[in-house]
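*Asks:* show me how the following folds:
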Amino acid sequence: MTTVTAHPVTYSADGLTMTGHLALPSGTGRRPAVLIGPEGTGLNDFQRRRAEALAELGYVAMLFDLHGDGHWFTDPEEMLARVMPLLADPGRMRGIGLAALDVLRAEPRTDPDRIAAIGYGTGGAIALELGRAGVDLRAIATVNGLTAGLPGEAARIRCPVWAGVGSEDPIMSAEHRDAFAAEMRTAGVDWRLVVYGGAQHAFHHPKVEQTVRPGVGHHPLHAQRAWRDVVDLLTECLPVTFPPHAAPAAAADTSPAPDRTATPSG
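*Replies:* Numbering: from 1, shown residues only. All right, here's what the predicted structure looks like:
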């Protein structure tokens, strides 16, 4: 396991002052980088630990902000009032993702030619929009964010796409999965879709004590599997080379620890 340093990063996007979370692996040289999109609730410690877990594997990792000032929502209805208009506006989604990507690229430790984008829920939808905008990425992963884009734009995606979703997710239903698959297939994208049997929406987020929408629930086993699947994609498409004395920890040992301070969402 490498020694990780992490700190907030402030930048502008969507007319807001955003506060992301940047995690750096040990060393001084450039490393491949991963841009991470959070659930629709925004940022919390569990989300930030995703970046740190990837930094432990040797990546420069940045979790971007959705709502300004690193805000996260505890009320599902307030979250939806912010997120639904955003999801309906590809231009806004791309603007949020591109602004964060500029920050990640400007980090001296980042290899700007080796960047992947991953995301959860709304953050996954933004990762896909970056691909549809033709951004040069090495891989895209989206969990619970199987949104279909504008006609023909998926042809601009230039990297493998991995998507994961729960079979019992009422928000990303079978119809959403079929539309996503049809878009990827028509565009000739190198894509794969994993359906986790019995899992609901936000199955990757630990159980919380606050109000959640119907159809949202944690599935511990599939949460671990989805994390390993994302790390496997990065290993395939964005490998990190370590000296023999500085090999990273196994992927199963670096999954983010549970956090009960925020409500999972879209």
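*Asks:* which ones are touching residue 51?
*Replies:* 6, 21-23, 34, 36, 61-63 (Cβ atoms under 8 Å, 6 or more residues apart in numbering). Glycine gets a C-beta too; all of them are placed from N, C-alpha and C.
*Asks:* just the buried members of those?
*Replies:* Buried positions within the contacts of residue 51, assessed by neighbour count (16 or more other Cβ atoms under 10 Å), are 6, 21-23, 34, 36, 61-63.
*Asks:* gap between residue 20 and residue 236?
*Replies:* In this structure, residue 20 and residue 236 are separated by 26 Å, where distance is defined by Cβ to Cβ, to the nearest Å.
*Asks:* correction: residue 185
*Replies:* Separation of residue 185 from residue 236 (Cβ to Cβ) stands at 21 Å.
*Asks:* residue 48 now?
*Replies:* From residue 48 across to residue 236, the span is 25 Å (Cβ to Cβ).
*Asks:* give me phi/psi at the residue nearest the centre of the chain?
*Replies:* By Cα atoms, centre = their mean, the chain has its centre lying nearest to residue 119, at 1.5 Å. Dihedral angles phi and psi of residue 119 (degrees, to the nearest 10) take the values phi -160, psi 160.
*Asks:* secondary structure and distance to residue 12 added to the contacts of residue 51, as JSON lines?
*Replies:* Shown next, in JSON lines, are the contacts of residue 51 (DSSP: H, G, I helix; E, B strand; the rest coil; distance: Cβ to Cβ, whole Å):
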{"residue": "6", "secondary structure": "strand", "distance to residue 12": "21"}
{"residue": "21", "secondary structure": "strand", "distance to residue 12": "17"}
{"residue": "22", "secondary structure": "strand", "distance to residue 12": "16"}
{"residue": "23", "secondary structure": "strand", "distance to residue 12": "21"}
{"residue": "34", "secondary structure": "strand", "distance to residue 12": "22"}
{"residue": "36", "secondary structure": "strand", "distance to residue 12": "19"}
{"residue": "61", "secondary structure": "strand", "distance to residue 12": "21"}
{"residue": "62", "secondary structure": "strand", "distance to residue 12": "15"}
{"residue": "63", "secondary structure": "strand", "distance to residue 12": "17"}
